[in-house]
Each structure stands twice: as C-alpha cells, then as structure tokens.
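> With the input below, show me the fold.
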Amino acid sequence: MVETFAGYAWHNVTDEELVKLFLESGNDRYFEKLYDRYALKVFQRCLSLTRDAGRAEDLTHDVFLKLVFKMNTFKKGAKFSTWLYTVTYNHCMDLMRSNKKRVITVRQDSADSVEHMDLDKVFGVEEVNINILRQALDQLQPDEKALLYMKYMDDRSIRYIAGTSQLTESAVKMRLMRSREKLRRVYMEIEYLGNFCK
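Next comes the predicted model:
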C-alpha cells in the first residue's frame, strides 16, 4: 500500500513542499521524509571527503541536526537538494579547518575514486600513474582538493561550485587553474624523483 499525504502519494510531494510543511507545522514526519530521501546521498558525499565510514556517519547525523535549526533560512524558490549539499560541504570543510586535519582523501573503493577523475582535462593527457597522482593529491590543501574533486570527479559546473563554496565564479576559475597547475607540478616532481632514484 502506498503511503499518502492529503490524497497524494508521498513521492508526488516535492522536497520544497516538505520543507514548507515542516516549517508551518513543526511535524517531524515531514523532516523524516526529507531524511529518508537524502540521508544516503549526504552520507556518500561525506564518505567521499573522509574515506572513513564512521566519521561519515557522524557527519551525516550532524548535517541533519544542523538542518533542523537552519531550515528557516531556506529561501523560497531555491532547490532543496542544492541547499542541502551546500550545508553538507560547508560543514565538512568547517570541521577540517577547526580540527586542522586533512580529512579529504582519495577513496580507493568507490566510483568516486581517483581513477574516475577526468585526467584528460586535468593534465591534458590520458596516461597518468594513479599511484603518483594519489601522492600528489595528498600534498594539496583540503580546499584545493575539494575544488578539483567537485569539478573533475563530480562534474560540477563553475556556477554550482561557486554557490557551494561561497566564492565568485571568477574566483573559482582562478583557484581551479592554480590547483591544476600545483597538482601537475607536484605530480611531475614525484615522477621525476621516482625515475631518478631507480
């Protein structure tokens, strides 16, 4: 039997309508529906940044707890999923900055692993040593990694990245260019040292 709301199946109720209903009524069931729809996606995003299932699970709970208190800041006409992913990204980045831990790492066991980065766009070539690339990525700052991941792994637009990271589009382009150049330079240094030491 399909669960219904006001005569409509729940899947016909939009995210934005659920937000409105939650704010107007304070009824937790509307928030629970949003949680059911997005908990796994938020967890996967946290996991792609931390490579630690336990930490990702904690972060997921933190994000949704934060959401309860931030829901009244959701702007009418905005897309809930974009807003939620922005909250998720910012929460993870804030945690990294406050703890001064480099928790953004490369996942080796998922579709978001470095093997799926668009290497042709990053390096201008297709043949790249994945092990050296991992080492090079580990030497980047968390913010630099996050930008590269969003652009070349998640295939996000400049506009999306700007909205998520609270930067202007021109600043995103500049930082992406610098991050790509730094990654190339570090990659070449590691590759050179490896060949030199053989």
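> any idea which element the nearest residue to residue 62 once chain neighbours are set aside lies in?
Excluding the flanking residues, the one nearest residue 62 by C-beta to C-beta, 6 or more residues apart in numbering is residue 91, at 6.2 Å. Bear in mind the C-beta positions are built from the backbone N, C-alpha and C, glycine included. Using DSSP states H and E, residue 91 sits in helix 80-99.
> Domain boundaries for this protein, per the record?
4-99, 114-196 (automatic domain parsing).
> Now those domains in JSON lines, please, with extra columns for mean pLDDT and mean neighbour count.
Compiled in JSON lines, those are given as follows (pLDDT from 0 to 100; neighbours: other C-beta atoms under 10 Å):
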{"stretch": "domain 4-99", "mean pLDDT": "83", "mean neighbour count": "15"}
{"stretch": "domain 114-196", "mean pLDDT": "76", "mean neighbour count": "16"}
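> longest helix in the protein, by residue count?
helix 169-196 (DSSP state H).
> Find out how far it is from the centre of the chain, if you would.
21 Å (C-alpha atoms, centre = their mean, to the nearest Å).
> which helices and strands sit right next to that helix?
helix 119-123, helix 130-138, helix 142-152, helix 158-165 (3 or more C-beta pairs under 8 Å, 6 or more residues apart in numbering; DSSP states H and E).
> who wins for proximity to residue 175 among the ones you listed?
helix 142-152 (5.7 Å; C-beta to C-beta).
> now for the closest one, which elements pack on it?
Checked by 3+ C-beta pairs under 8 Å, 6+ apart, helix 142-152 has helix 80-99, helix 119-123, helix 158-165, helix 169-196 packed alongside it.
> if we go to 10 Å?
In terms of contacts (3 or more C-beta pairs under 10 Å, 6 or more residues apart in numbering; DSSP states H and E), helix 142-152 is packed against helix 28-50, helix 80-99, helix 119-123, helix 130-138, helix 158-165, helix 169-196.
> and the helices and strands packed on helix 169-196 as CSV, adding distance to residue 73?
As requested, the helices and strands packed on helix 169-196 are exported to CSV (distance: least, C-beta to C-beta, whole Å):
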stretch, distance to residue 73
helix 119-123, 35
helix 130-138, 34
helix 142-152, 23
helix 158-165, 15
